[in-house]
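In: What follows is a protein structure lacking sequence information:
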């Protein structure tokens, strides 16, 4: 078994479409017939992305929401989704959650595939979703566009999903933050014309900031005192836990932003590390977040 | 756990895009900016679609080929694919087979997702592939277009995959027919302007003919003596086994076909069954083929 990083490195040596953006961005960006399509595919597996016994309505919601979040980070308006579904326990709840998320974001189903699993009760299930959107602004924001001198911003508050997970669904102020993430589609569309780079924060602020810096061949110099966290006593956890689906972006420092966001740092020229926190170089070995 | 048919019936009640063709066709057909996209997503799971211990290069080939076959049945030219990959044993072979099939059909990778599985060695793996193509002829052939009086045709020879599976890879005349199916992209494009309905034969001629008849609300009256089979002694198996990825289509009886195909019957008005074989009504309960 190869690691994810090695596997993706090997994929990069295959026949890549220019729209694939070198497999370095969240989505493919495909000009077609005068429009620009934005396309993403994410999978979720039992045991890795959701526990055995999870409410399958939440799993369906999240499967759609995380893909729409990728579209949000590119300023795209969803056209529709294709579902890859493995039949199993809780399918009725899955259908309920799927109906809810499609209605909530007015995103129709385009197609997909329904399969039987291996017929072993121990066999973990996996689901896939392909989301297709239409770019509302060209050029479509890229992870690779951050420029030295740009300001670094993040929307919202980090650590909400972590607290929601710990509190349990419906139990506290953040009860649904983990189980029912909200893709920031309107915010992404508003920001797209103004940003130099943008991505969603799925795996934790630090690891995703590192990735953005790496993809742009710059250094993101962040100031931890400015991190907008849900629990200041657990600042370190809040910026590493992930699953918040806020938008991380860079923009020229004098840009008037159309969306509320917190400035957390500045882009510097590329150096030994893609990420500095309070002046200290950080690497993936520092446990920046959830790596999957 | 619901059945596949019930699950798809429930999906039809959700928010459907007009491009979804009521989830009755092989692909979504999406007009966008002056072009028409054809989009399909198929999954393959260990234990259901390939055995534990299969050569993962063949699995990767088949995953791409079966999706390209769906595009072929719509006369579409592939643009690219997105891969949903669950890491595990044989990834190096998977990458080799993936590279081979992408090169063979000159289809580039657009993106996708790579995930870790559940970390249990017993956990079955699943893969998903989304193929995106461009229609070469509009209207795009539909399963729902067969008209009474049309002739029914199938390309090639049925049962080759079955014989290839039984002989083992590389062992006989049909050694690669099962492990490395060939999507009929050129044939599908040539046929698209001439057909009234078209689909690929993935699950067996009889079950797929039943589906085409059902989707078109007609009866396909087939003559078994004309079925083009690889082994006449096993005619019944050859038309039920599936995995041949030939094209099944209907066209006005006087159409000059641009591609070699065998006429196997005639479309009649819809009656009690979507399929007659030698005048005998057939239903799904008759074990028409592989149902998944």
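Out: Okay, I see it. Because the structure is a prediction, the values reported are computed rather than measured.
In: going forward, measure contacts between C-alpha atoms and count neighbours the same way
Out: Will do.
In: contacting residues for the spatially closest residue to residue A:241 that is not a sequence neighbour?
Out: Setting aside the residues directly before and after it, residue A:241 is nearest to residue A:204 in space (CA to CA, 6 or more residues apart in numbering or on different chains), at 5.1 Å. Contacts for residue A:204 (CA atoms under 8 Å, 6 or more residues apart in numbering or on different chains) come out as A:238-244, A:288-290.
In: and of these, the nearest to residue B:220?
Out: Closest approach to residue B:220 among the contacts of residue A:204 (CA to CA): residue A:243, at 51.4 Å.
In: who are the neighbours in contact with the closest one?
Out: Contacts of residue A:243 by CA under 8 Å, 6+ apart are A:161-162, A:178, A:181, A:201-204.
In: Residue A:217 touches residue A:270, doesn't it?
Out: Yes. Contact criterion CA atoms under 8 Å: residue A:217 and residue A:270 qualify, at 5.5 Å.
In: Can you pick out the residue with more neighbours from those two?
Out: Taking neighbours as other CA atoms under 10 Å in any protein chain shown, residue A:217 and residue A:270 compare with residue A:217 leading, 20 against 17.
In: re the thing from before, ok, so of the contacts of residue A:204, who is nearest chain B?
Out: Chain B has its nearest neighbour among these in residue A:290, at 12.3 Å by CA to the nearest CA.
In: which bits of the stretch 101-250 of chain A sit near chain B?
Out: Within the stretch 101-250 of chain A, the residues that sit near chain B (CA under 8 Å from any CA of the partner chain) are A:102-103, A:106-119, A:122-126, A:128, A:130.
In: Make a ChimeraX selection of the buried ones in these.
Out: A single ChimeraX command selects the buried members of those (16 or more other CA atoms under 10 Å in any protein chain shown):
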select /A:102,107,108,109,110,111,112,113,114,115,116,117,118,123,124,125,126,128,130
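In: which regions of the stretch 51-200 of chain A sit below the pLDDT cut-off?
Out: Residues of the stretch 51-200 of chain A that meet the criterion pLDDT under 70 lie in A:118-123, A:170.
In: redo that, cut-off 80
Out: A:117-124, A:169-172 (pLDDT under 80).
In: can you map out the strands along it?
Out: Secondary structure of the stretch 51-200 of chain A (DSSP state E, counting those that start in this stretch): strands located at A:76-86, A:109-115, A:126-135, A:151-154, A:197-201.
In: Could you pick out the longest helix of chain A?
Out: In chain A, taking DSSP state H as the definition, the longest helix is helix A:56-73.
In: and it, what does it pack onto?
Out: strand A:35-45, strand A:76-86, helix A:91-104, strand A:126-135, helix A:185-191, strand A:197-201 (3 or more CA pairs under 8 Å, 6 or more residues apart in numbering or on different chains; DSSP states H and E).
In: where's residue A:277 relative to residue A:160, distance?
Out: Per CA to CA, to the nearest Å, residue A:277 is found 21 Å from residue A:160.
In: The two: which is more packed in?
Out: For residue A:277 and residue A:160, the more surrounded residue by other CA under 10 Å is residue A:160, and the numbers stand at 25 against 16.
In: Can you get me a residue count around residue A:13?
Out: Residue A:13 has 11 neighbouring residues, counting by other CA under 10 Å.
In: typo on my end, residue A:254
Out: Neighbour number of residue A:254 under other CA under 10 Å is 8.
In: tell me the two of the contacts of residue A:243 that are most distant?
Out: A:181 and A:204 (14.1 Å).
In: before we move on, the earlier item: over to the residue nearest to residue A:241: give its phi and psi.
Out: For residue A:204, the backbone dihedrals (degrees, to the nearest 10) come out as phi 120, psi 140.
In: Let me know the pLDDT of it.
Out: Confidence at residue A:204, expressed as pLDDT, is 96.
In: Distance check, it against residue A:147.
Out: Applying CA to CA, the value for residue A:204 to residue A:147 is 22 Å.
In: swap in residue A:215?
Out: Counting by CA to CA - residue A:215 and residue A:147 are separated by 11 Å.
In: which one of the two has more residues nearby?
Out: Per other CA under 10 Å, whichever of residue A:215 and residue A:147 has more neighbours is residue A:147, with 23 against 19.
In: Determine the number of other residues adjacent to the residue nearest to that one when sequence neighbours are not counted.
Out: Sequence neighbours aside, residue A:267 is the residue nearest to residue A:147 in space, at 6.4 Å (criterion: CA to CA, 6+ apart). If you count neighbours by other CA under 10 Å, residue A:267 ends up with 26.
In: now swap in residue A:287 and tell me
Out: 12.
In: Also residue A:259?
Out: The tally of other residues near residue A:259 (other CA under 10 Å) stands at 12.
In: buried subset of the contacts of residue A:204?
Out: With burial judged by 16+ other CA under 10 Å, the buried subset of these is A:238-244, A:288-290.
In: Of all pairs in the residues you listed, which one is the farthest apart?
Out: Largest separation among these by CA to CA: A:244 and A:288, giving 15.0 Å.
In: Can you name the residues that contact residue A:161?
Out: A:174, A:176-179, A:181, A:242-244.
In: Apply 6 Å and report the result again.
Out: A:177-178, A:243-244 (CA atoms under 6 Å, 6 or more residues apart in numbering or on different chains).
In: Which one of those is nearest to residue B:41?
Out: Using CA to CA, the contacts of residue A:161 come closest to residue B:41 at residue A:243, 26.0 Å.
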